[in-house]
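[1] Kindly return the folded structure for what I paste below:
(one chain, ligands or ions: 2)
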Amino acid sequence: MSAERTFAMVKPDGVQRGLVGEIVRRYEARGLKVVGLKLMHVPRSLAEAHYAEHKGKPFYNGLVDYIVSGPVVALCLEGKNAVAVVRAMNGATKPWDATPGTIRGDLALDIGRNVVHGSDSVESAKRELDIYFSKDEIVDWTPVAHKWVTE
Ligand code: DAT
Ligand code: MG
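    Ligands and ions are numbered 1, 2, ... in the order given. Predicted coordinates:
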C-alpha cells in the first residue's frame, strides 16, 4: 500500500512569477515524492468542478477566472500525512495570516493571488487527483533516499 497522496497546484500567479522551481523545491526538500507533475491550462469546466464547493459564494467567479487565466502546475505528492503536510507548508488561505516560513507566508500577499492549492482532506485529494490526472500520468517509483526520509 502506497503512502498518502495529495493534490497540489502552483496557481497561475506562481507560474507567471517564476516560482514553480521554488515551490516544488520546498515540497521535494520536505521529503514528499513527486508522482505526478504537469503544466497545463485548466479548462473552465475543470476549474468549476474543482471549486464546486464554493459555487454561489461572492468570490467564486473571480476564483474560476483566476485559475483559468494562465498555465498552472498540477502536482501529485506522496508521503506520510501528505495532505496535512502540504496544507501546513502552503499556509493560511489569507496570506496576511500565513506564518512566515510557509509558502503563502513567504511568497504571497493577497487572497486572490495565494500562489498554491493543496487538498484539504484525503477524500478531497482523491477527488481532485481523479479530475486533474489520468491513471497513466501518475508514476510509481521509489527514490533512492526513501528509507532516509521515512522509517
Ligand atoms: P484553500 O485554498 O486554503 O483551501 P478555500 O478552499 O477556502 O481555501 O478557498 C479556495 C480559494 O478561494 C482560496 O485559495 C482563495 C479563494 N478564497 C477563499 N475564500 C475567499 C474569500 N473570502 N475572498 C476571496 N477569495 C477567497
Ligand atoms: Mg480548499
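[2] Leaving out chain neighbours, which residue sits closest to Trp96?
    Nearest residue to Trp96, sequence neighbours excluded (Cβ to Cβ, 6 or more residues apart in numbering): Leu109, at 7.0 Å. Every residue, glycine included, has its C-beta placed from N, CA and C.
[3] ok, now Lys38?
    Excluding the flanking residues, the one nearest Lys38 by Cβ to Cβ, 6+ apart is Ala74, at 5.4 Å.
[4] For the one you found, what is the enclosing helix or strand?
    strand 72-78 (DSSP states H and E).
[5] does any part of the strand or helix carrying Ala84 sit near ligand 1?
    Assigned by DSSP H and E, Ala84 belongs to helix 82-90. No: counting by Cβ under 6 Å from any ligand atom, ligand 1 is not contacted by helix 82-90; separation bottoms out at 6.8 Å.
[6] Quick check: the residue nearest to Lys38 vs ligand 1, distance?
    From Ala74 over to ligand 1 the distance is 15 Å, taken as Cβ to the nearest ligand atom, to the nearest Å.
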